[in-house]
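Chemist: model the structure of this input:
(2 chains)
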Amino acid sequence: MIAFAASITRPDVYAACAEPGIRLAAEPGATVLGLPAVGSIARSYNALLERAARLDDLEALVLVHQDAEIVSAELCSTIRATLADPDVGLIGCAGAIGVRSIAWWDGSVTLSSFINRYPEHGGGDLHAFSWDWGDAPPYARTGEVETLDGFVLVCSPWVVHNVRFDEELGSFHGYDLDFCLQVREAGRKVVTADFRAIHHRPLEMLPDPEEWIDAHVRVAEKWHGRMPGIGHADGTWRERALRAEAERDAARAAAHSTDLDTEARTAMLEHAIAETRDSISWRITAPLRLFRRVAPAERPRIRAR
Amino acid sequence: MIAFACAVQEPEAYERYAGPGIERAKEPGSALHILAATSSVCRSLNLLLDQAAGADDLEALVLVAENAEIADPGFCAEVRRALADPDVAVVGAIGATGVEGLAWWDGAVNGGRVVHRYEEYGGGDLPAYAWARAGAPPAEVDTVAGFLLVLSPWAARSLRFDEGLSTGEGFDLDLCLRARQAGRKVVTADLAVVHHRSLELVEEKDGWIEAHIQLAEKWDGRLPGAPPRPADWQQRARRAEAERDAAQTEVFSSYSRREAQLTPLERQLSAMTGAPGWRLTAPLRRLNALRRARGGPRPSR
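Modeler: Got it, this is the predicted structure:
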């Protein structure tokens, strides 16, 4: 039996996002553990792992963020096919190699099969690169990775029984990378598979940068020397510090530039819209648009006159 | 006498921006020093200082970047007001306190009528460094932006730009820090300036990063706004690498915000210009454009 679990801090979000996805993907008789969060995500997920570990017929446990909506109805068969390799410990739909920190997206991302559905500006979708295989770049592929995005994590029974999230890392950030590293350190594989999900979240990736920075440091310190690449950079510590401070300020400048670019393009588009609306062409064709706005069922009547 | 100086790399930019601004601002008797830029911004500016500093009647030397346009006919009066305090060595139109490094705009920015005029997307104006504005002139600051630097006679005669700064980036911050180190003040004044530049804040990233490192090496621990940092280099590196990754992630967020903000507007414009009525009246618009191009009368509305 493939079980599903979520840690819930906002029941309304769970009901709107995770629950419909679980209903879509779960097989009849599947256990669904939707439990109120107990402190950090690591602690909450460990509580779910403990519960799942007591299930006799467990084939896999799917840990879903409350704001993540699985949209692949065939998820269970994908999981079974992937877990046919007994070395596989974790499965996800977004992951990367060449990862050096909890900013795993700075590595080489190999699969990213999700949509970021945001509420800002009236709402919209940002499609990650392998959401649609027809548009996917040549480097998109499923298979072994170094880490997964934790918003949907599928755990093998071995992982459920043997690995736990590190509750010392902080309240949220970095728990997924750390968990993947533990699984890989134990000799198991972390892989991506072909399923998709919608992540219902705001556009801001780091609403709490200080917490994120603390978690970044903790994970780097914990894994440096234990796992290749993690916390690594060339140079002495002094050289690394000065370069990173420079690169930090360059990145901040780039973010400012992007915001300026947005402001300039917005002004251009608003000007073009206003100019179009004020034009003679637009005004003299207003009756035509009014006609087109009339419901199709009413059009014949109008034409009959 | 208030003198004006500019090192010119692109004569066209000087003709369009710095030149007209200087014409607008200078007084009868103002000296004007124009030189071809050398390969180093600091060397070019030092040449200008060498030329200008010897004038006995020098009240101030205004170093204008070729892409900066003084927009204020009352410029000289404002300069004299700022230099009435004999401790003032450097005056600028915009600057900052709490400066931690080359990215002075990450401090608390103090500036007045400074406009960032860009050419992208049909062109437009933005208040310069609006996201970081924390106050208006006059104010004492750590540094001022180098596109317009007003130097007191003492500064023009005593200070020189550091030609050891390999890329020239940070020449302004370095000079201001040395003025302050000598016990003098760096201040902003209410000077109206248009800075003609692209939307890109850092245009040559690799060189800028090297300059940031070089400046940090030179001033390490003595930058006025530098927060307390771990004495241990490993801790400092870990922290900086985390802050860098957070900043790079913020870049991703800013791209997402841009897409989210622009998509509805692009859709709206596309729907308007794709409507049958709009397409139907295309010949009318073409005709009007032709009339405008020939200077003919615009159709009455």
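Chemist: quick one, phi/psi of residue 246?
Modeler: All of this refers to chain A. Dihedral pair for A:Ala246: phi -70, psi -40, per degrees, to the nearest 10.
Chemist: look at A:Tyr14 and give its secondary structure.
Modeler: What DSSP: H, G, I helix; E, B strand; the rest coil gives for A:Tyr14 is helix.
Chemist: how many other residues sit next to it?
Modeler: Burial measure for A:Tyr14: 22 neighbouring residues, criterion other CB atoms under 10 Å in any protein chain shown. To be clear about C-beta, it is placed using only N, CA and C from the backbone, and glycine gets the same treatment.
Chemist: quickly list the domain ranges of chain B.
Modeler: B:2-219, B:233-293 (automatic domain parsing).
Chemist: quick check: which of those domains is buried the most?
Modeler: Compared across the domains of chain B, domain B:2-219 shows the largest average neighbour count, a mean of 20 (mean count of other CB atoms under 10 Å in any protein chain shown).
Chemist: ok, now how distant is the closest residue in space to B:Arg160 that isn't next to it in sequence from B:Val202?
Modeler: Closest residue to B:Arg160 apart from its sequence neighbours, by CB to CB, 6 or more residues apart in numbering or on different chains: B:Asn46 at 5.2 Å. Using CB to CB, to the nearest Å, B:Asn46 is found at 24 Å from B:Val202.
Chemist: any idea how far whatever residue of the stretch 1-150 of chain A ends up closest to chain B lies from B:Pro20?
Modeler: Using CB to the nearest CB, the closest approach of the stretch 1-150 of chain A to chain B is made by A:Ala103 at 3.9 Å. Using CB to CB, one gets 47 Å for the distance from A:Ala103 to B:Pro20.
Chemist: circling back: ranked by average pLDDT, which of the domains of chain B falls at the bottom?
Modeler: Ranked by mean pLDDT, the domains of chain B end with domain B:233-293 in last place, scoring a mean of 89.
Chemist: chain center to it, what's the gap?
Modeler: In terms of CA atoms, centre = their mean, to the nearest Å, the centre of domain B:233-293 is set 24 Å apart from its chain centre.
Chemist: can you classify B:Glu169 by secondary structure?
Modeler: Quick answer, by three-state DSSP: B:Glu169 is coil.
Chemist: what sits against the nearest residue to it once chain neighbours are set aside?
Modeler: Computed as CB to CB, 6+ apart, the closest residue to B:Glu169 that is not its neighbour in sequence is B:Ala211, at 3.5 Å. Contact analysis of B:Ala211 by CB atoms under 8 Å, 6 or more residues apart in numbering or on different chains lists B:102, B:165-170.
Chemist: farthest pair within those residues?
Modeler: Checked with CB to CB, the contacts of B:Ala211 reach their widest spread between B:Leu102 and B:Ser166, with 12.9 Å between them.
Chemist: what about stretch A:118-138, distance to the chain center?
Modeler: Counting by CA atoms, centre = their mean, stretch A:118-138 comes out at 11 Å from the chain centroid.
Chemist: go on, stretch A:88-103?
Modeler: For stretch A:88-103, the distance to the chain centre is 12 Å (CA atoms, centre = their mean).
Chemist: do the same with stretch A:48-65
Modeler: 21 Å.
Chemist: buried ones in that stretch?
Modeler: A:48-49, A:51-52, A:58-65 (16 or more other CB atoms under 10 Å in any protein chain shown).
Chemist: which residues touch it?
Modeler: A:1-7, A:18, A:21-22, A:25, A:31, A:33, A:35, A:45, A:70, A:75, A:79-80, A:83, A:91, A:150-157, A:160-161, A:164-165, A:199.
Chemist: can you tell me the helix or strand for B:Trp208?
Modeler: B:Trp208 is part of helix B:205-219, with elements assigned from DSSP states H and E.
Chemist: next SSE after that helix?
Modeler: helix B:233-273.
Chemist: next SSE after that following helix?
Modeler: Defined by DSSP H and E, the subsequent element after helix B:233-273 is helix B:276-280.
Chemist: can I get that next one in PDB, CA atoms only?
Modeler: The C-alpha coordinates for helix B:276-280 follow below in PDB (Å, rounded to 0.1, in the frame of the first residue of the first chain):
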ATOM      1  CA  PRO B 276     -10.700  42.800 -35.500                       C
ATOM      2  CA  GLY B 277     -11.500  46.500 -35.100                       C
ATOM      3  CA  TRP B 278      -7.900  47.400 -34.500                       C
ATOM      4  CA  ARG B 279      -6.700  45.300 -37.400                       C
ATOM      5  CA  LEU B 280      -9.400  46.900 -39.600                       C
END
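Chemist: list the contacts of whichever strand in chain B runs longest.
Modeler: Taking DSSP state E as the criterion, chain B has its longest strand at strand B:2-8. Residues from elsewhere that reach strand B:2-8 (CB under 8 Å, 6+ apart): B:14, B:18-19, B:22, B:25-27, B:30-38, B:41, B:44-45, B:47-48, B:51-52, B:55, B:58-66, B:76, B:79-80.
Chemist: repeat that for 7 Å
Modeler: B:14, B:18, B:22, B:26-27, B:30-37, B:44-45, B:48, B:52, B:55, B:58-64, B:66, B:76, B:79 (CB atoms under 7 Å, 6 or more residues apart in numbering or on different chains).
Chemist: of the buried residues of stretch A:48-65, just say which sits nearest to A:Lys222.
Modeler: A:Leu49 (19.7 Å).
Chemist: with adjacent residues omitted, what lies nearest to the residue of chain B found nearest chain A?
Modeler: As assessed by CB to the nearest CB, chain A sits closest to B:Gly277 within chain B, at 2.9 Å. Counting by CB to CB, 6+ apart, A:Thr285 is the residue found nearest to B:Gly277 once chain neighbours are left out, at 2.9 Å.
Chemist: can you check B:Glu250 too?
Modeler: The nearest residue in space to B:Glu250 (CB to CB, 6+ apart) is A:Ala255, at 4.7 Å.
Chemist: quick one: that neighbour and B:Phe252 touch, right?
Modeler: No. The pair A:Ala255 / B:Phe252 is not scored as a contact, 9.0 Å apart, by CB atoms under 7 Å.
Chemist: correct me, but the residue nearest to B:Gly277 touches B:Thr281?
Modeler: Yes. Applying CB under 7 Å as the test, A:Thr285 and B:Thr281 come out as touching, 6.0 Å apart.
Chemist: quick one: the residue nearest to B:Arg197 when sequence neighbours are not counted and B:Ala130, what's the gap?
Modeler: Setting aside the residues directly before and after it, B:Arg197 is nearest to B:Asn67 in space (CB to CB, 6+ apart), at 5.8 Å. Here B:Asn67 is placed at a distance of 19 Å from B:Ala130 (CB to CB).
Chemist: count of neighbours near the residue of chain A found nearest chain B?
Modeler: Going by CB to the nearest CB, chain B is nearest to A:Thr285 of chain A, at 2.9 Å. Other residues near A:Thr285 come to 18 when the count uses other CB under 10 Å.
Chemist: skipping adjacent residues, who's closest to A:Cys93 in space?
Modeler: Nearest to A:Cys93 is A:Ser113, by CB to CB, 6+ apart, at 4.4 Å.
Chemist: likewise for B:Ser253?
Modeler: Here the residue nearest B:Ser253, using CB to CB, 6+ apart, is A:Met205, at 4.7 Å.
Chemist: what's around the one you found, how many residues?
Modeler: Neighbours of A:Met205 (other CB under 10 Å): 19.
Chemist: one more: the one 4 residues further on?
Modeler: Here the number of neighbours of A:Pro209 (other CB under 10 Å) works out to 18.
Chemist: helices of the stretch 1-150 of chain A, start to end?
Modeler: A:11-13, A:19-25, A:41-53, A:75-82 (DSSP state H, counting those that start in this stretch).
Chemist: same thing with the stretch 151-300 of chain A?
Modeler: Counting by DSSP H, counting those that start in this stretch, the stretch 151-300 of chain A has helices at residues A:157-162, A:175-185, A:209-223, A:237-278, A:280-284, A:286-293, A:299-304.
Chemist: and these: which comes nearest A:Phe195?
Modeler: helix A:175-185 (16.7 Å).
Chemist: who in the stretch 51-200 of chain B is up against chain A?
Modeler: B:101-103, B:106, B:118, B:120-122, B:124, B:126, B:131, B:199-200 (CB under 7 Å from any CB of the partner chain).
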